[in-house]
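J.: Sequence first, predicted model second:
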Amino acid sequence: MKYVRKLRTAPRCLHCGEKISYGRSDKKYCCEDCRVEHNNSLVREGKAFRRRVLAQLSANYDLLATVLQSGADTILMADIVSMGFAPSVLTSYRRVGKHIEYGCFDIKYRMTPFKIYSIYKIQNVSLNLHVDIETEQTL
Ligand SMILES: [Zn+2]
């Protein structure tokens, strides 16, 4: 029987891509600096994502509040989206009868692909979040 020697392909550093020519076969980084920098970049990406979501929630809230301040409770989806509203970014939703009521903090609304309607702001918002969590499905 012929002996076939398995060639070990050197793993590459997850951060810089350099070949890792020494150490355990499951080693992921070529050096401590690469390990630290790779983990820091993952944390930075997570924080950047959270910042983008929070900024969009804030933009959505401001747009809904502007509609309410104008005295209306309905706006066409195309109009509010063109102003920067992102329908998929919200803080809560719950079934009310046969409708789903969405929430952006203390502003609640219903929506179809064509409009956002029945927009209202909760009065006397309780700072006790546990009350909301029991009655709503918070995302
Ligand atoms: Zn490296």
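T.: Right, received. Where do you want to start?

J.: could you pull out the helices for this structure?
T.: Secondary structure of the chain (DSSP state H): helices at 32-69, 77-82, 129-135.

J.: Can you lay out the ones you listed as CSV showing distance to residue 119?
T.: C-beta coordinates here come from the backbone N, C-alpha and C atoms, glycine included. Shown next, in CSV, are these (distance: least, Cβ to Cβ, whole Å):
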stretch, distance to residue 119
helix 32-69, 6
helix 77-82, 10
helix 129-135, 18
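
J.: what's the closest of those to residue 89?
T.: Between residue 89 and the helices of the chain, the tightest spacing by Cβ to Cβ is seen for helix 32-69, at 4.5 Å.

J.: on that earlier part again, which one of the helices of the chain lies closest to residue 94?
T.: Nearest to residue 94, of the helices of the chain and by Cβ to Cβ, is helix 129-135 at 7.0 Å.

J.: Give me the most central residue, this structure.
T.: residue 53 (5.0 Å; Cα atoms, centre = their mean).

J.: Spatially nearest residue to that one (excluding sequence neighbours)?
T.: Nearest in space to residue 53, with sequence neighbours left out and distances taken as Cβ to Cβ, 6 or more residues apart in numbering, is residue 89 at 6.5 Å.
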